[in-house]
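> Quick one, fold the following:
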Amino acid sequence: MHQGPHMQADIIPNRIQMEKDFIRTAELFIAHNGSVDVSYVMPYVNDFMAANNYGTVEWVTLKNPSMTWNTPEGAKVLSTEVAGWLIDADPANKSYYESRLAEYLAQIDTADLSSDEKKLVAGQDVIVMIWQQDASEKWLGLHTISVFAPEFYQQGKFVPRAVVNDVYNDPAKYRNVRYVIENMQSAEMAKGLEEALRDQKIDVKRVVFTNFPKSLPGVDSLPDVLRYNKQLVMPSSQGAAATSPAATTAAPTQAPRGLLMLPVALGAAFLLIGRRDP
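Below you'll find the predicted structure:
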């Protein structure tokens, strides 16, 4: 059971009640340990367990709650850490988890940009939401003309309206922008920015990157997240991923009970699982 990336804090207690039988028998409690987890998810689960005399929860959390996994490198780091959790919890099946990790890392490599894809994608001008800048630049090789961000980031210097003003003041700076890249888990922010660029006769496309498996149909694993995002900025197939995310390489048809389920849940989320039966 996991609390997904879009779940609002006020409905978490109800979700816990719905899954109470599963939570009661869970053997492993995992949290991303970000702000939502610390403020809502973990205390709610702790209180639920205590109120029902189900025992004390021992949480397993990321070493670095600020880590990202929307690049092949980050996805590998996360997957390796998750495998370590499972091995620590279920050492009798260490070889199984190590084997599944090797398979999963190979799937991540397959989802990475091929040499031909790099030639198509790299160097395109973009405006990107700040939380996707690393993936955009360091992985995909896109050229950032500007970023946009929520109000709380750097005292609001990069809110979308500030970038819109810059578009109108200096349209030549943005003349080759091909994409405005949103972050799905930050809500819609850049529709007005896209409209401003189009007002300047700039043929731009607004796309929405995701960070999480299960956030879209057909995006069921971290390799799927990578495939989905890269297809959105692939010039030869613009929009293909948005209409059919599973139309690239198919996602694994069976996720092992441990390794492939865990990355789905991370990020403002928790997952409670039983160990693999020997």
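
> When you work out contacts or count neighbours from here on, use the C-alpha atoms and nothing else.
Noted.

> got the residue ranges for the strands in the stretch 151-278 of the chain?
177-183, 205-209, 270-273 (DSSP state E, counting those that start in this stretch).

> TSV for these, including distance to Thr61, mean pLDDT and mean neighbour count?
Below are the strands of the stretch 151-278 of the chain laid out as TSV (distance: least, C-alpha to C-alpha, whole Å; pLDDT from 0 to 100; neighbours: other C-alpha atoms under 10 Å):
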stretch	distance to Thr61	mean pLDDT	mean neighbour count
strand 177-183	24	97	23
strand 205-209	25	97	21
strand 270-273	9	38	22
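
> for those strands, which one sits closest to Gly156?
strand 177-183 (17.0 Å; C-alpha to C-alpha).

> ok so, going back, and the strands of the stretch 151-278 of the chain: which comes nearest Asp220?
Asp220 sits nearest to strand 205-209 of all the strands of the stretch 151-278 of the chain, at 14.5 Å, using C-alpha to C-alpha.

> Who are the packing partners of the closest one?
strand 177-183, helix 191-199, helix 222-232 (3 or more C-alpha pairs under 8 Å, 6 or more residues apart in numbering; DSSP states H and E).

> Looking at the longest one now, give me its mean pLDDT.
Averaging pLDDT along helix 222-232 gives 97.

> counting contacts, what elements does that helix pack onto?
In terms of contacts (3+ C-alpha pairs under 8 Å, 6+ apart), helix 222-232 is packed against helix 94-111, strand 205-209, helix 240-243.

> one more time with 7 Å, if that's ok
If you count contacts as 3 or more C-alpha pairs under 7 Å, 6 or more residues apart in numbering; DSSP states H and E, helix 222-232 packs onto helix 94-111, helix 240-243.

> Save those as a markdown table, and put in distance to Val38 too.
As requested, the helices and strands packed on helix 222-232 are arranged in a markdown table below (distance: least, C-alpha to C-alpha, whole Å):
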| stretch | distance to Val38 |
| --- | --- |
| helix 94-111 | 28 |
| helix 240-243 | 33 |
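
> Make JSON lines from those helices and add mean pLDDT and distance to Trp59 to it.
As requested, these are exported to JSON lines (pLDDT from 0 to 100; distance: least, C-alpha to C-alpha, whole Å):
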{"stretch": "helix 94-111", "mean pLDDT": "96", "distance to Trp59": "20"}
{"stretch": "helix 240-243", "mean pLDDT": "42", "distance to Trp59": "36"}
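
> If it's not too much trouble, I'd like those exported to JSON lines so that distance to Ala75 and mean neighbour count sit alongside each entry.
JSON lines is the format used below for the helices and strands packed on helix 222-232 (distance: least, C-alpha to C-alpha, whole Å; neighbours: other C-alpha atoms under 10 Å):
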{"stretch": "helix 94-111", "distance to Ala75": "7", "mean neighbour count": "17"}
{"stretch": "helix 240-243", "distance to Ala75": "20", "mean neighbour count": "16"}
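
> OK, contacts around the spatially most central residue of the chain?
Centroid check for the chain by C-alpha atoms, centre = their mean gives Asn211 as the closest residue, at 1.4 Å. Contact analysis of Asn211 by C-alpha atoms under 7 Å, 6 or more residues apart in numbering lists Asn70, Val225.

> go again using 6 Å as the cut-off
Asn70 (C-alpha atoms under 6 Å, 6 or more residues apart in numbering).
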